[in-house]
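**Student:** show me the folded form of this:
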Amino acid sequence: MQMVVVAVTLPSLLLMNRTRAYPFLRIAGALVADAASVGWIAERLLAVHSSVDVVVNTVGHHAVWLAGVLFLASLSCWQLLNIVDRRPSDPLGAATLRPHAETNFE
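**Tutor:** Numbers count the residues shown, from 1 in each chain. You can find the predicted model right below:
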């Protein structure tokens with residue numbers, strides 16, 4: 001099952017890894033994983049009941065939808081990145097004529 005999760009999410013993450021949204025996604029994912037791990041550790045060490053299992057199982061039931069949303073979000077971020085990269089950085093446009101430094105106009 002873990003290989004399926006990796007196989008489904010990895011292409012989306014690879015598309016998004018060069019965008020500005022990726023650091024936020026990476027940090028948010030790490031915080032969610034940290035919260036789940038702390039909840040599970042507290043459950044086992046302190047013998048207390050936490051709602052981590054309920055939340056994780058609820059999210060797991062919507063995994064297909066979440067993977068689809070992740071893919072669409074990564075595709076749109078990747079597309080926006082490509083659109084921004086295609087814009088000319090010159091405010092006058094790419095057709096501005098510039099004389100060559102070695103040109104002799106005599």
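
**Student:** how deep is residue 15 tucked in, by neighbour count?
**Tutor:** Counted by other Cβ atoms under 10 Å, the residues lying close to residue 15 total 20. All C-beta atoms are positioned from the backbone trio N, CA, C, and that covers glycine.

**Student:** and for the one 3 residues further on?
**Tutor:** For residue 18, the number of neighbouring residues by other Cβ under 10 Å comes to 11.

**Student:** mind listing what the residue most central in space within the chain touches?
**Tutor:** The chain has residue 22 as the residue nearest its centroid, 3.6 Å off, counting by Cα atoms, centre = their mean. Residues in contact with residue 22 (Cβ atoms under 8 Å, 6 or more residues apart in numbering) are 13, 16, 77.

**Student:** for the first one, which non-adjacent residue is spatially closest?
**Tutor:** Leaving aside its sequence neighbours, residue 13 sits nearest to residue 74 (Cβ to Cβ, 6 or more residues apart in numbering; 7.1 Å).
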